[in-house]
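Chemist: here's a sequence, model it:
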Amino acid sequence: MLGLETASGSVEAITTIGLVLVEAVVLYVGYGALSSLVGQTVLDAVGGE
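Modeler: The predicted structure is shown next:
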């Protein structure tokens, strides 16, 4: 997939953990941006106060 198969066990584990953390940060920031852009519109559409 990313060429991780050739890395040793420790390097592969650290790389995998790093990739998961980067993905989590990207999703957190993306969800925050999305909710700030359309959050109020959605609340108004479903009858939120």
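Chemist: packing partners for the helix or strand hosting residue 37?
Modeler: With elements delineated by DSSP states H and E, residue 37 resides in helix 9-45, which encompasses its position. Packing partners of helix 9-45 (3 or more CB pairs under 8 Å, 6 or more residues apart in numbering; DSSP states H and E): none among the helices and strands. (Glycine included, C-beta is placed from N, CA and C.)
Chemist: where does pLDDT dip in this protein?
Modeler: Counting by pLDDT under 70, the low-confidence segments of the chain come to 1-7, 48-49.
Chemist: spatially central, which residue of it would that be?
Modeler: residue 27 (2.2 Å; CA atoms, centre = their mean).
Chemist: ok, that residue to residue 16 distance?
Modeler: When distance is defined by CB to CB, to the nearest Å, residue 27 is 17 Å away from residue 16.
Chemist: re earlier: now the helix holding residue 37, how far from the chain's geometric center?
Modeler: The chain centroid and the centroid of helix 9-45 are separated by 2 Å under CA atoms, centre = their mean, to the nearest Å.
Chemist: what comes up buried for that helix?
Modeler: Neighbour counts using 16 or more other CB atoms under 10 Å place no residue of helix 9-45 among the buried ones.
Chemist: put the alpha carbons of stretch 8-19 into CSV.
Modeler: Presented in CSV, the C-alpha positions along stretch 8-19 are these (Å, rounded to 0.1, in the frame of the first residue of the first chain):
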residue,chain,number,x,y,z
SER,A,8,11.0,-3.3,10.3
GLY,A,9,8.3,-4.0,12.9
SER,A,10,9.0,-1.0,15.1
VAL,A,11,9.2,1.4,12.2
GLU,A,12,6.1,0.0,10.7
ALA,A,13,4.2,0.4,14.1
ILE,A,14,5.4,4.0,14.6
THR,A,15,4.5,4.9,11.0
THR,A,16,1.0,3.3,11.4
ILE,A,17,0.4,5.2,14.6
GLY,A,18,1.5,8.4,13.0
LEU,A,19,-0.8,7.9,10.0
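Chemist: helix, strand or coil for residue 47?
Modeler: Applying DSSP: H, G, I helix; E, B strand; the rest coil to residue 47 yields a three-state assignment of coil.
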